[in-house]
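In: just need the structure, nothing else, for what follows:
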Amino acid sequence: MITELLEESPLTRGEVIGDVRHLMRVGEEELAFDAMCSWIYEDSHSITSAYYERLVVAAEEMDTPESVQKLVNSSKTDNPAPGR
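Out: Sure, this is the predicted structure:
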């Protein structure tokens, strides 16, 4: 789930993507998810409403709703996030 969200995320910096993947490899899925959401917010990336909803579902499944709360007021667009 997180891998798919990461692949479809607007994140482009290799070190950020690498950090998220490292956290997933060592079993820190919740921390990886939180880091991914934080970088989307910190770098002021635009996300689609559909992508945001998928983040919300993932946060609920991982019991980490605080991970997406900061994205509530972030830029959402109907244009898809660039894929990799």
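In: list the contacts of Glu15.
Out: Listed by C-beta atoms under 8 Å, 6 or more residues apart in numbering, the contact set of Glu15 is empty. C-beta here means a position set from N, CA and C on the backbone, and glycine is covered the same way.
In: quick one: low-confidence parts of this structure?
Out: Low-confidence segments of the chain, defined by pLDDT under 70: 73-84.
In: can you show me the strands along it?
Out: Remark: strands assigned in the chain by DSSP state E are 47-48, 76-77.
In: residue at max distance from the center of this protein?
Out: Here the centre of the chain is the reference, and by C-alpha atoms, centre = their mean the most remote residue is Val26, at 17.9 Å.
In: now that residue. Its backbone dihedrals?
Out: Geometry field for Val26 lists phi and psi as phi -90, psi 10, criterion degrees, to the nearest 10.
In: now do the contacts for it.
Out: Contacts of Val26 (C-beta under 8 Å, 6+ apart): none.
In: ok, it to Tyr51 distance?
Out: Going from Val26 to Tyr51 by C-beta to C-beta, to the nearest Å gives 25 Å.
In: swap in Cys37?
Out: For Cys37 relative to Tyr51 (C-beta to C-beta), the value is 11 Å.
In: neighbour count: those two, which is higher?
Out: Higher neighbour count among Cys37 and Tyr51: Cys37, with 25 against 20, using other C-beta atoms under 10 Å.
In: which residues touch the nearest residue to the more buried one once chain neighbours are set aside?
Out: Of all residues not flanking Cys37 in the chain, Ser67 sits nearest, at 4.6 Å (C-beta to C-beta, 6 or more residues apart in numbering). Counting by C-beta under 8 Å, 6+ apart, Ser67 touches Glu30, Phe33, Asp34, Cys37, Ser38, Leu55, Ala59.
In: repeat the analysis, applying 6 Å as the threshold.
Out: Phe33, Asp34, Cys37, Ala59 (C-beta atoms under 6 Å, 6 or more residues apart in numbering).
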